[in-house]
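Colleague: have a look; sequence and predicted model below, questions after that.
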Amino acid sequence: MRKDNEKKTAESIRFVTSHYEPDVFDASKAWKKSGIRSGLKHASIIWLSAAAVAAIILTITFIRPADMAQYDVDITANAKTTYALPDGSSVTLTASSRLAYDSSTFATNRHVTISGQAFFEVTPDKSHPFSVTDGLATATVLGTSFGISRINDSSTMVAVETGMVKVTCNDRSEVVTPGQTVVASTEGLTVSESEMNVNSWATNHLDFDDTPLPKAIKNIEEAYDVKITDCPTDNSILLTISYSGDVDKLIDIINELLNLNLKIQQE
Amino acid sequence: MRTNEFERYYRKLYLPLCMYALRIVGNPYESEDIVQESFISIWNRIQTSESDPDNFKSYVYRTVRNNALIHIRQKSSVEPLDEKYADIPDDEAIDTSERDANIWRSIDELPSKRRTILLLNKRDGMSYDEIATYLGISKKTVENQLGKAYKTIREAGRRFYLLLFA
């Protein structure tokens, strides 16, 4: 009996560790989101969590042109565009962002250089680490995914969505896990909790958990690059929702849930 | 069933059910969605029916199993991750889910550096030497931290049996 139990425990440990992700399966959060207590109409809420998001976000604003001229692939996006990389990974660039790499060595050295803002979904390959640099900091994928953004000329931000990422800057390094953000500057590395929805602009996935409405609307405007009008400025209106999809539907849902009349301003 | 009673069941069964769904679909985010959808549909059904289901716990497990199977068929990844979980959930499947849940929770509660080392080793398959180089720490520290991590999660697995046979 005892031996049998030890065996089952060992099997459970194997299973759980190989599928483990931090910060999922929070019963209290899930209960709140279910809307059962508050009697929300469930039919209108689309339940879709970050399932597909094994992703990296990269935002880098400054790189001298010379740093990128040495690469044979050098792409500058005209509008938000997603490109496939030779290893099956993909990268989404915002308008006027730039990506460069060496296609002849990419199979053995998965290294890209970025300027602007980019979002990566990286194909895992333990023997060939994927790394991204902006000239100041370098982020290397350990598990499945990670993200970087350059916030100004002297500091870079890495926000991790899923997986684990090692960030190196001036010979110092930190391992960042999901929900964490590290800011790298010449002074060193600082780790903190990520802002909610930091990667939404690329994933079109938003999570709000008792978020004051004006803040939520600001997030939505940034994520979808739209302007929303007729929004009450009342911070006591709270929004809890997990949403993936287009912005029109999202605004419809919020209007219905909170009995509002938000509008998307047409350009 | 009143909301309070339903909430008690929800909170108690949530993590084991996520583990159960995880055994079938293999992805934690999809498992979360499946469990959430199952609870919501059960709640809606309770609202419109005269009596509550007989054995609520096994009823919820069956619902999650059905939704998980529908989910993997839609994804056309035909086969469930773990064949035996495609059957009607029995006591053993429920025990396994509860044991998995204890272990998952114990990993949640590990200090973050120790957890990182455990995952690099167990999930990402890195050797002690690789982890030491990667994190810039000594191999001794890696061994030490891993030893402590295993002790904690093994005890979480054993605690399950103590509860079961107490």
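Modeller: Perfect, I can see it now.
Colleague: so A:Trp201 touches A:Glu221, yeah?
Modeller: No. Counting by C-beta atoms under 8 Å, A:Trp201 stays clear of A:Glu221, with 10.5 Å between them. C-beta here means a position set from N, CA and C on the backbone, and glycine is covered the same way.
Colleague: between these two, which has more neighbouring residues?
Modeller: A:Trp201 (19 against 16; other C-beta atoms under 10 Å in any protein chain shown).
Colleague: distance of the more buried one from A:Ala137?
Modeller: Look at A:Trp201 and A:Ala137: by C-beta to C-beta, to the nearest Å, they are 20 Å apart.
Colleague: ok, B:Tyr128 next?
Modeller: For B:Tyr128 relative to A:Ala137 (C-beta to C-beta), the value is 27 Å.
Colleague: who has more neighbours, the two?
Modeller: A:Ala137 (24 against 17).
Colleague: wait, that one touches A:Cys169, no?
Modeller: Yes. Using C-beta under 8 Å, A:Ala137 makes contact with A:Cys169 at a distance of 4.3 Å.
Colleague: the residue in chain B positioned nearest to chain A: which element?
Modeller: Taking C-beta to the nearest C-beta as the measure, the point where chain B comes nearest chain A is B:Gly157, at 3.4 Å. Per DSSP states H and E: B:Gly157 is located in helix B:139-165.
Colleague: what is the burial count for B:Asp54?
Modeller: B:Asp54 has 7 nearby residues by other C-beta under 10 Å.
Colleague: that one: what secondary structure?
Modeller: coil (DSSP: H, G, I helix; E, B strand; the rest coil).
Colleague: how about the strands in the stretch 101-250 of chain A?
Modeller: A:110-121, A:130-133, A:138-141, A:148-152, A:155-159, A:165-169, A:172-176, A:180-185, A:188-193, A:205-212, A:228-229, A:238-244 (DSSP state E, counting those that start in this stretch).
Colleague: chain center to the shortest one: distance?
Modeller: The chain centroid and the centroid of strand A:228-229 are separated by 25 Å, computed with C-alpha atoms, centre = their mean, to the nearest Å.
Colleague: spatially nearest residue to the most centrally placed residue in chain B (excluding sequence neighbours)?
Modeller: Centroid check for chain B by C-alpha atoms, centre = their mean gives B:Met19 as the closest residue, at 2.2 Å. Excluding its sequence neighbours, the residue lying closest to B:Met19 (C-beta to C-beta, 6 or more residues apart in numbering or on different chains) is B:Asp100, at 3.8 Å.
Colleague: which stretches of chain B have low pLDDT?
Modeller: B:75-86, B:162-166 (pLDDT under 70).
Colleague: kindly report the domain assignment for it.
Modeller: Domains of chain B are assigned by automatic domain parsing as B:1-90, B:109-166.
Colleague: now the ones you listed in CSV, with distance to A:Asn259?
Modeller: Below are these laid out as CSV (distance: least, C-beta to C-beta, whole Å):
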stretch, distance to A:Asn259
domain B:1-90, 21
domain B:109-166, 41
